[in-house]
Structure formats: structure tokens, C-alpha cells
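A.B. asks: Just need the structure, nothing else, for what follows:
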Amino acid sequence: MKILVTGAAGFIGFHLCKKLLQEGHVVVGLDNLNDYYCPSLKIARLAELGIITTADSAYNQPVNSELYPDFIFHKMDLQDRENLPGLFKIYKFDLVCNLAAQAGVRYSIENPKAYVDSNLVGFANILDCCRLYNIKDFVYASSSSVYGQNKKVPFSEEDRVDEPISLYAATKRSNELMAYTYSHLYGIRCTGLRFFTVYGPWGRPDMAMFLFVNAIKNGEPIRVFNEGNLERDFTFVDDIINGVNAVINDSETDKNALNRIFNIGNSQPVKLLDFIEQIETQLEIKAKKNMMPMQQGDVNKTWADSRPLMQRYVYEPKVNIENGIKEYLKWFSEYYH
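C.D. replies: From the prediction side, this is the model:
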């Protein structure tokens, strides 16, 4: 297929592009290479895919991969109503996978406008391009954050999700509702995937994994929120990508399943202090911990009920915390020397 992947220079987008290219798909990657975190990491991810570019490279100019003949990259904003439709017209995509978004819970409290622009305006823009150019399959990233302070565990797609406690969560729930509307009105098959605490090589520097490892290796204290009384359904990025790939390659044509939402997680929550202890064990360094109160917008526990995805796509998480952290530390040492 010819697939558009937005957020192609991002953590999950990079891994997905690599997987799709290895499977023989034609991929057009889109990313605005913004400076929410150091763009050099995004540039390095693209270089792994054969795209040689810079953060200040020309806007909306196609860059061909030097490693994958079927990969083309465009630097572009999702909210660009003038140029984005042009990509759809030129490439005639078979499927669109939208992974581009302004990420981060804390940052949504500090800079809400960035979330409105990217996660709401940008999402609406790409949905409308799918309508205009008759795209029948649209896969997009949602988040476990839509469950808010849900006390019922594990989290099920049938649970209420109308009480988000961060703007980031609110934008992700809004995406689900917008996708539902477009699937209902225009027959676009929309599949939303609620990601649960993804970690792994090439992860963002604002994520807990990087913050913990970097601080511990440098002898600096780590911030442990809610006194460590948190649990997360940590999911290794390879497991996430296998699930997304299964959805993309789905040949189902059931018109009764135009709008679908799936949890995609490891389905085995881990206590935050146990996660930190595993990092300490593998680094052979004891962490200095600053025990902090709960941060705004955060939740006590995440736990995915991924059975619907497992049953529909034979999705099966295979990487446990021990091996996942091992893979991350190997990459961290190589990338950050």
C-alpha cells in the first residue's frame, strides 16, 4: 500500500515507518520537526531511515531516502490547510496513519495553545483531507489518558471517558469523537489506538525512561511523583508497532465496523518503584530519589484490557520490563555515547 505516516520523525512514527518499509509498503512521512524537544533526535531517527535533512530544511520539499527507495519525507505542519491537501492529491494514499500530535501531560498545562493547534486543528485538517480524497482507512493514535481517574481496572474500551483531567487527554478524546463523526458521515473506516505508556529505544527525552536513566547515570536525583505510589502499564515499542502494523494490514471490509477503538498495552501494570529498581539493577547504580507529590494532570494507575485487540488481530505483547529496559539501555549508551 501507499501509506501516509504523520509524526514520522517521532518516537512511535519512526519505528512504524521502519516496520512498514521493511514489509514492502510505500511510505510518505510527514513531520514539522518542531522544537518541543531537541530536534537533533528527530533528525537522527530520520537518518536511520535514510533521510538526510536538518531541522531548518526547506518546507514541503520531498526528500528521498538513501536507504529505502519507497520512502519520501516532507517537512510540514498538520494544520497547513493549503499544502496538506496537495500531498493527498499527488500521492493518492491508500491509508493514512496519524501519529503526529503535541505530546506530554505537563506541557499541556504550560502551553495549551500548542495542543489546540496540533491535536485539534491539525487532526481535523487531516480528517478532512481523507474525506476530500476518498481515503477509506484512517488509523490514529489515541491515549490511555482518556480514562482519567477511572477506578475500575483494567481499563476497557466500554468504560466512561468523559472526565479527562488534562488538556492533552481532552484533545485525544476529542480526536475519537471527530473520527467517529467522519466515519459516520463519509464512510471512512477509522481505527483509534489507545497507547499505554510506550517506552523503548529512540524514546523522547521528556519521557520517564530517559529522565530516570540520564539522572541515575549522572549521579543526579530523580523525581518520583506521588511518593512512588503509581502504577503504569509499560509497553515496549516493538509490541506497540506489531499491533499498529496488524491493524494497518487488516483486510476486513465490514461496514458495521467503520469506527473502532482499541486499547493497546502490555496488560501488566508495574509499580513505578519496581520499574526504577529494575533500572538500578541493570545500571548497577542506586538512584537518588526526590519523593514528590502528585503532579497536575497525572493518574494513579493505568492498566489496559487489550483482549479485543488480541482477539481481533492475534496481538500479543512479548517484551517484559527486564528485557525492555535492557534494550533501552543498550540504545541509550550507543546514542548518547
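A.B. asks: Can you mark which positions in stretch 122-134 are buried?
C.D. replies: Within stretch 122-134, the residues that qualify as buried are 122-130, counting by 16 or more other C-beta atoms under 10 Å. The C-beta positions use only the backbone N, C-alpha and C, and glycine is treated the same way.
A.B. asks: Pick out the most distant pair among these.
C.D. replies: Pairwise distances among the buried residues of stretch 122-134 were taken by C-beta to C-beta; the largest, 13.0 Å, belongs to 122 and 130.
A.B. asks: Mutual contacts of these two, please.
C.D. replies: Counting by C-beta atoms under 8 Å, 6 or more residues apart in numbering, residue 122 and residue 130 have no common neighbour.
A.B. asks: can you list the weak-confidence ranges in the stretch 151-300 of the chain?
C.D. replies: 251-256 (pLDDT under 70).
A.B. asks: what's the next secondary structure element after the longest helix seen in the chain?
C.D. replies: When the chain is scanned for its longest helix (criterion: DSSP state H), the result is helix 167-186. Per DSSP states H and E, helix 167-186 leads on to strand 189-195 as the next helix or strand towards the C-terminus.
A.B. asks: in its sheet, what does that next one sit against?
C.D. replies: strand 137-143 (parallel), strand 259-264 (parallel) (DSSP bridges).
A.B. asks: Output those strands as TSV; include the columns mean neighbour count and distance to residue 167.
C.D. replies: Shown next, in TSV, are the strands paired with strand 189-195 (neighbours: other C-beta atoms under 10 Å; distance: least, C-beta to C-beta, whole Å):
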stretch	mean neighbour count	distance to residue 167
strand 137-143	24	12
strand 259-264	23	20
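A.B. asks: Residue 210 should be in a strand, yeah?
C.D. replies: No. Applying DSSP: H, G, I helix; E, B strand; the rest coil, one finds residue 210 to be helix, outside a strand.
A.B. asks: in what helix or strand does the nearest residue to it once chain neighbours are set aside lie?
C.D. replies: Of all residues not flanking residue 210 in the chain, residue 203 sits nearest, at 5.9 Å (C-beta to C-beta, 6 or more residues apart in numbering). Using DSSP H and E, residue 203 falls within no helix or strand.
A.B. asks: Burial check on residue 203, number of neighbours?
C.D. replies: By other C-beta atoms under 10 Å, 20 other residues sit near residue 203.
A.B. asks: any idea how far residue 180 is from residue 328?
C.D. replies: 35 Å (C-beta to C-beta, to the nearest Å).
A.B. asks: Of those two, give the one with the bigger neighbour count.
C.D. replies: Shown here are residue 328 and residue 180; by other C-beta under 10 Å, residue 328 has more neighbours (22 against 16).
A.B. asks: what's the pLDDT at that one?
C.D. replies: We have a pLDDT of 98 for residue 328.
A.B. asks: wait, it sits on residue 209?
C.D. replies: Yes. Residue 328 is within contact range of residue 209, at 6.0 Å (criterion: C-beta atoms under 8 Å).
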